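Participant: Got a predicted model here, sequence first, then my questions.
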Number of protein chains: 2
Amino acid sequence: MRIGEFQDFIRQKYCERDTQRGTPATFMWFVEEVGELATALAGNDQDNKAEEFADVFAWLCTLANINGVDLEKAVEKYTVRGKPGFK
Amino acid sequence: MRIGEFQDFIRQKYCERDTQRGTPATFMWFVEEVGELATALAGNDQDNKAEEFADVFAWLCTLANINGVDLEKAVEKYTVRGKPGFK
C-alpha cells in the first residue's frame, strides 16, 4: 500500500471528526499512542508492537490530514533529495 | 511510494547504526522529532510542518526496523480487518 493511500484511507474514515477536534487535541491523542508504543517496545509481545506502530502511524496521518500535509510527498526529502543533516 | 519501500529505504541507509544504538536511545531521538513536530504545528510554516512529519515518520520506520515490525503489514489492522475500537 502506498503511503498516500493509507493517509487517504484515514482521511475518508475520520477526517470530519478529526477536523472538529482540531490539532492540539489530536496531538494529545497522538502522544498517547506514542506512550503505548513505548510500553509495547519495553515488552516482548511482537503482535502488540505491530499494533502500536500502526496506531502511531494512523494518528500521524490524521495530524497530517488536518494540517494539509501530504506525507508521501514529505518523505521525498529523504528518498529524492536526501537530507544532509539526517542522523 | 509504498510504506514498505520507505521502511526499506531507511533500513538500508541507517539500520547498522540504528541497531547499535538500540531501542531506548532510538526512542529518545524519535520523541525529540515528535517535539519538533509539535513546534512546527504551532506555527504557520507549511514547509517546516512537512519536514517534521517526514522526520517523525522516518524515525518511526527506524524503530520498526530494529524491532522487527513490518509497518505496511501492521496497518492492515485498519485497511483489511478494520479495528472495532479505533477512535
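Facilitator: Received, thanks.
Participant: Secondary structure element holding the residue most central in space within chain A?
Facilitator: Nearest to the geometric centre of chain A sits A:Leu60, at 2.1 Å (C-alpha atoms, centre = their mean). Secondary structure from DSSP states H and E places A:Leu60 in helix A:46-66.
Participant: From the contact counts, what lies against the helix or strand of chain A with the lowest mean pLDDT?
Facilitator: Lowest by mean pLDDT, DSSP states H and E among the helices and strands of chain A is helix A:76-79, with a mean of 90. On a contact count with 3 or more C-beta pairs under 8 Å, 6 or more residues apart in numbering or on different chains; DSSP states H and E, helix A:76-79 meets helix B:3-21, helix B:46-66. The C-beta positions use only the backbone N, C-alpha and C, and glycine is treated the same way.
Participant: from those, which stretch is densest packed?
Facilitator: The highest mean neighbour count among the helices and strands packed on helix A:76-79, using mean count of other C-beta atoms under 10 Å in any protein chain shown, belongs to helix B:46-66: a mean of 22.
Participant: hang on, the earlier thing: is the helix holding A:Leu60 anywhere near chain B?
Facilitator: Yes. Using C-beta under 8 Å from any C-beta of the partner chain, we find that helix A:46-66 touches chain B at A:46, A:49-51, A:53-58, A:60, A:63-64.
Participant: Report the mean confidence score over that helix.
Facilitator: For helix A:46-66, the mean per-residue pLDDT is 97.
Participant: Please name the bridge partners of A:Arg2.
Facilitator: Bridge pairing for A:Arg2 (DSSP bridges) gives the partners B:Arg2.
Participant: That one and B:Met1 touch, don't they?
Facilitator: Yes. Look at A:Arg2 against B:Met1 with C-beta atoms under 8 Å: they come within range, at 6.4 Å.
Participant: Which residues are in contact with each of these two?
Facilitator: Shared contacts of A:Arg2 and B:Met1 (C-beta atoms under 8 Å, 6 or more residues apart in numbering or on different chains): A:Glu72.
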